[in-house]
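Chemist: attaching a predicted model along with its sequence, questions to come.
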Amino acid sequence: MKKTLLGLSIAAALVSLPSFAEVRINGFASIVGGQTLDDDDTLYGYDNDFNMEQESKFALQVSADLQERLSATAQVIARGENDFDAEFEWAYLTYEISDNSQLSAGKMRIPFYRYSDFLDVGYAYRWVRPPQSVYNLSFTTYEGLSYLHNSTLGDWDSALQLMYGAVNDDIVAVTNNDAAELNDTLGVNWTLSRDWFTARVAYFMSEASIDVSNSAQLTSLLNGLDGYGLSEQRQDLEIEEDDAYFAAIGFGVDYNNFLFDAEYTQFEVEDSILAKQRQYYASVGYRIDDWTVHFTYENNDDENDSSELNTIPAQIQTPNGPINVSTNPSDPNAPLLRDATNFVLLSQRAESNTYTIGARYNFHPSAAFKIDVSRFDDDITNTEVELVSMGVDLVF
């Protein structure tokens, strides 16, 4: 079970709270199952065998008012994909500077998306899962500081959040399990709302380092460049203290019974093997008593810039004349490192469209049943995968 030192400290503090502290315990859960409709198809961790562990989860959140404007919050979550091993998702302290502003320190959710703050609370949105073309980053928390200021601008409600911190976790980057460090992560998100309309913009920048040693192909390629003394070209591929940014814009409409949500995001680690990611979704919904029906379209487009191709020389000059920059210097017919590099860069290309229709039924004041049918179209391989998902979300 993973626990940060801060999480353990807050947990210990909550256990030994003085009698005047007000403690609140809340929880939420999702029991989700799904399967693809064709043999050998996989999507979001599901295959053709019905699975109820992949996205099921249970969580408890403990909040304590320590008086004098200070509070502590810890959230423990157990996910089915991790064999329901419990771990601290959040653990932080908050100090209310004024009635309109507060400062938090600890392990918190990175506010990348509109639904970031309640990303795990399925009861808070209409889908079985948020649109995965956009909500696709494999890390969601950071350790650091957050400043939140709420105000009014005329008839608009404003929420401005600043954050600073770092991420040190295993993420999905080159492989499914790469050790990553995102240092000096600085970001801002600003939400404006009025009556039935909400708009949000966000921007984050960081210094990214990702260990790619789990990829034998990329490791061999980098070592090959070293062997020819092509250190500059190596630096353009490896992910070592490279500038990274994440940008997002979105808005939502909740007018009478009509719902509309859309978000667009971009993510890039500059001077690295990773492709620039662009994605968006648009979703419409309509409430009919306790039912909500909806349709969502998603688009994903990942691609390295064409200027990154052919940057490795085909030959280099030596005292004995030109030699091929190849994957095997002892074999004159071996593939060129330039071609191998181009292949790796082009393999980062991704382009897809996803269509989802679904329904939500609030059968209880604290619980909802959902069912989604999704079709994922891969424009690179010209293949499609269909997935049926259903589940119950509850809060308590």
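Modeler: Noted; the coordinates are in hand.
Chemist: contacts only, for the most centrally placed residue in the chain.
Modeler: Nearest to the geometric centre of the chain sits Leu137, at 2.4 Å (CA atoms, centre = their mean). The contact partners of Leu137, by CB atoms under 8 Å, 6 or more residues apart in numbering, come to 112, 171, 246, 267. For every residue, glycine as well, the C-beta is placed using N, CA and C.
Chemist: most neighbours, which of those?
Modeler: Counting neighbours by other CB atoms under 10 Å, Phe112 leads these with 23 neighbours.
Chemist: surely that residue and Arg200 touch.
Modeler: No. Assessed by CB atoms under 8 Å, Phe112 is found out of contact with Arg200, at 10.8 Å.
Chemist: closest to Val392 out of the contacts of Leu137?
Modeler: Phe112 (26.6 Å; CB to CB).
Chemist: next one: Trp196 from Val293, what distance?
Modeler: 19 Å (CB to CB, to the nearest Å).
Chemist: more neighbours: these two, which one.
Modeler: More crowded of Trp196 and Val293, by other CB under 10 Å: Val293, with 16 against 13.
Chemist: for the more buried one, give me the pLDDT.
Modeler: Predicted confidence (pLDDT) at Val293: the value is 98.
Chemist: quick check: the gap between it and Asp302.
Modeler: 31 Å.
Chemist: same check, this time on Val76
Modeler: Noted for Val76: a distance of 34 Å to Asp302, by CB to CB.
Chemist: just the contacts of Leu137: which are in helices?
Modeler: When DSSP state H is applied, the contacts of Leu137 are split such that none fall in helices.
Chemist: what ranges do the helices span in the chain?
Modeler: Using DSSP H, helices in the chain cover 5-15, 216-227, 231-235, 337-347.
Chemist: may I have the shortest one as PDB, with CA atoms only?
Modeler: What follows is the C-alpha trace of helix 231-235 in PDB, where atoms were taken according to Å, rounded to 0.1, in the frame of the first residue of the first chain:
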ATOM      1  CA  SER A 231      24.600  13.800 -28.200                       C
ATOM      2  CA  GLU A 232      22.400  16.700 -29.500                       C
ATOM      3  CA  GLN A 233      20.200  14.300 -31.400                       C
ATOM      4  CA  ARG A 234      19.900  12.100 -28.300                       C
ATOM      5  CA  GLN A 235      18.800  15.000 -26.200                       C
END
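Chemist: quick one: which of the contacts of Leu137 sit in strands?
Modeler: 171, 246, 267 (DSSP state E).
Chemist: picking up where we left off before, which among the helices of the chain is found nearest to Tyr297?
Modeler: Counting by CB to CB, Tyr297 lies closest to helix 337-347 out of the helices of the chain; the figure is 26.3 Å.
Chemist: contacts for the closest one, please.
Modeler: 217-218, 221, 224-225, 228, 233, 237, 273, 275, 304, 308-314, 325-327.
Chemist: give me the ChimeraX select line for those, limited to the buried ones.
Modeler: Isolation of the buried members of the contacts of helix 337-347 (16 or more other CB atoms under 10 Å) is achieved in ChimeraX through the command below:
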select :218,221,224,225,228,233,237,273,275,304,308,312,313,325,326
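Chemist: so where is the stretch 1-150 of the chain shaky, pLDDT-wise?
Modeler: 1-20 (pLDDT under 70).
Chemist: ranges for the strands of it?
Modeler: For the stretch 1-150 of the chain, the strands defined by DSSP state E, counting those that start in this stretch occupy 22-36, 57-65, 70-79, 86-96, 101-109, 141-153.
Chemist: need the ones you listed in a markdown table (columns: mean neighbour count and distance to Asp120).
Modeler: As requested, these are exported to a markdown table (neighbours: other CB atoms under 10 Å; distance: least, CB to CB, whole Å):
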| stretch | mean neighbour count | distance to Asp120 |
| --- | --- | --- |
| strand 22-36 | 17 | 7 |
| strand 57-65 | 18 | 6 |
| strand 70-79 | 20 | 6 |
| strand 86-96 | 19 | 7 |
| strand 101-109 | 19 | 9 |
| strand 141-153 | 17 | 11 |
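Chemist: what stretches of the stretch 251-396 of the chain score poorly on pLDDT?
Modeler: In the stretch 251-396 of the chain (pLDDT under 70), no residue qualifies.
Chemist: tell me which residue of this protein is furthest from the middle?
Modeler: Distance-from-mean max, the chain, by CA atoms, centre = their mean: Asn320 at 51.3 Å.
Chemist: quick check on it: phi, psi?
Modeler: Dihedral angles of Asn320 (phi, psi; degrees, to the nearest 10) stand at phi -100, psi 10.
Chemist: so who does it touch?
Modeler: Contacts of Asn320 by CB under 8 Å, 6+ apart: none found.
Chemist: now swap in Asp378 and tell me
Modeler: 351-352, 384-385.
Chemist: redo the strands of the stretch 1-150 of the chain as a markdown table? Include distance to Ile210.
Modeler: Below are the strands of the stretch 1-150 of the chain laid out as a markdown table (distance: least, CB to CB, whole Å):
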| stretch | distance to Ile210 |
| --- | --- |
| strand 22-36 | 30 |
| strand 57-65 | 26 |
| strand 70-79 | 23 |
| strand 86-96 | 22 |
| strand 101-109 | 20 |
| strand 141-153 | 16 |
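Chemist: wait, which of those is closest to Arg287?
Modeler: strand 22-36 (20.9 Å).
Chemist: now do that closest one against strand 57-65, angle only.
Modeler: 160 degrees (axes from the mean of the first three to the mean of the last three CA atoms, to 10 degrees).
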